[in-house]
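Peer 1: I'd like to go over a predicted model; first the sequence, then the structure.
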Amino acid sequence: MGFSNLRKELTSGPKSLTVAWGLDSGVLQACREALDYGLLHQVIVTGPIEKIEATAASTDMSLEGFSLHPASTPEEGAAEAVRLVREGETDLLMKGHLSTSVILRAVLNKEKGIRAQALLSHIAAVELPTGRLALLTDAAMNVKPDLQQKSQILDNAIQFAWSIGLTNPKVAVLASVETVNPQMQDTIDAACLSLMGKRGQFSKAAIVDGPLAFDNAYSKEAAIQKGIESEVAGEADIFMVQELTAGNLLYKALSYVGGLSIAGVIYGATCPIVLTSRADSSESKLNAIALACKALSER
């Protein structure tokens, strides 16, 4: 199942989406395409109305199907977008032309936010050369998580995998080597997460193995050459890195060097949050919207 099939397999009706501080022509264009494709029936955009209209006009883009809500600052735009989700006026939230920290502060606000899980995490879907989707986590949010936080990050990814149709997902917990080394904490944590999977300690079923180096997690042949017996090798549905730098580097290498299609969301709020980079293509932004719609439709 690639991104094109994922869009076709959406079983429920079109969703509504709110863009926080929508002064990004690439984000608006992706929303336009999502409307035209039938993924969305309405897009709400917060921000200075005249500037939003000018941003759309700069690419000759129609705002039919868009509703504009005034906001004078990014903080105000983020708060208004979160309010619309919290009060049930929209289904999905998307980051516009503002800092990730600004939208997350609004999401995590104790009184007016939309936090649903103990820990929010970033999940990227990658269309592999074989045409199937796999998940990568966490490449954008949690810098150096401890074991407890890693277990929540993995639980988020497992829940998300089930929500997009990847049932009983196979998880590769990545490290630089595939053996447990007492001097390398990541290998110890990977082994703990693997055992937690075997003991059924995650909220949904998954097959978890680690530590695995990326080569033998990605390639069954590489695992065989190293004498590694693993149900996950070459068949991973989830690749879990153990700190943000490794995740970010892998994410960008797969996208820019590997040329693979990637889409990212934040998981752990009351709805998936579409989080894209300004450097992402319009196709990547559209894929991220489709991914969030799929996850929401299967809840």
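Peer 2: Cool, the structure landed. Just so we're clear, the structure is a prediction, and the values are computed from it rather than from any experiment.
Peer 1: which stretches of the chain have low pLDDT?
Peer 2: Within the chain, the stretches with pLDDT under 70 are 11-12, 298-299.
Peer 1: Going by residue numbers, what spans are strands in it?
Peer 2: In the chain, the strands defined using DSSP state E lie at 15-20, 40-47, 66-70, 92-95, 121-127, 133-137, 170-174, 207-212, 238-240, 262-267, 273-274.
Peer 1: which residues are contacting the shortest one?
Peer 2: Read it as strand 273-274. With CB atoms under 8 Å, 6 or more residues apart in numbering as the test, strand 273-274 has contacts from 17, 92-95, 103, 107, 265-267, 285, 288-289, 291-292. In short, each C-beta sits where N, CA and C put it, glycine included.
Peer 1: Could you identify the buried members of those?
Peer 2: The neighbour count (16 or more other CB atoms under 10 Å) marks 17, 92-95, 103, 107, 265-267, 285, 288-289, 291-292 as buried among these.
Peer 1: circling back: and which of the contacts of strand 273-274 is nearest to Ile52?
Peer 2: Of all those, Met94 has the smallest distance to Ile52: 13.7 Å, by CB to CB.
Peer 1: now that closest one, which residues is it bridged with?
Peer 2: Per DSSP bridges, the residues bridged to Met94 are Val19, Val274.
Peer 1: quick one: the helices in this structure?
Peer 2: For the chain, applying DSSP state H gives helices covering 3-8, 25-37, 49-57, 74-86, 100-108, 147-163, 185-198, 214-218, 220-225, 244-252, 282-297.
Peer 1: Centre-most residue in this structure?
Peer 2: Central residue of the chain (CA atoms, centre = their mean): Val265, 2.5 Å from the mean position.
Peer 1: measure it to Ala139 for me?
Peer 2: If you measure Val265 against Ala139 using CB to CB, to the nearest Å, the figure is 11 Å.
Peer 1: residues shared between the contacts of the two?
Peer 2: Joint contacts of Val265 and Ala139 (CB under 8 Å, 6+ apart) are His122, Ala124.
Peer 1: Skipping adjacent residues, who's closest to the residue nearest to the centre of the chain in space?
Peer 2: With sequence-adjacent residues excluded and distances taken as CB to CB, 6 or more residues apart in numbering, Val265 is closest to Pro272, at 4.5 Å.
Peer 1: Ala288 is in contact with the one you found, correct?
Peer 2: No: using CB atoms under 8 Å, Pro272 makes no contact with Ala288, being 9.0 Å away.
Peer 1: any residues in contact with both of those two?
Peer 2: Val265.
Peer 1: before we move on, the earlier item: pick out the most distant pair among the contacts of strand 273-274.
Peer 2: Using CB to CB, those reach their maximum pairwise distance at Val107 and Lys285, which is 19.2 Å.
Peer 1: Is there a neighbour count for Ala205? I'd like the number.
Peer 2: By other CB atoms under 10 Å, 12 other residues sit near Ala205.
Peer 1: Likewise for Ile224?
Peer 2: 14.
Peer 1: what separates it from Pro145, distance-wise?
Peer 2: Separation of Ile224 from Pro145 (CB to CB) stands at 31 Å.
Peer 1: show me the residues around the residue nearest to Met196 when sequence neighbours are not counted that make contact.
Peer 2: Counting by CB to CB, 6+ apart, the nearest residue to Met196 once its immediate chain neighbours are dropped is Ser151, at 6.3 Å. Applying CB under 8 Å, 6+ apart to Ser151 gives the contacts Leu193, Met196, Gln201, Phe202.
Peer 1: how near is Pro48 to Leu23?
Peer 2: Per CB to CB, Pro48 is found 8 Å from Leu23.
Peer 1: The nearest residue to Leu244 once chain neighbours are set aside - how many residues pack around it?
Peer 2: Excluding the flanking residues, the one nearest Leu244 by CB to CB, 6+ apart is Val143, at 4.7 Å. By other CB under 10 Å, 8 other residues sit near Val143.
Peer 1: My read is that Val143 contacts Val241, right?
Peer 2: No: counting by CB under 8 Å, no contact exists between Val143 and Val241, whose distance comes to 11.7 Å.
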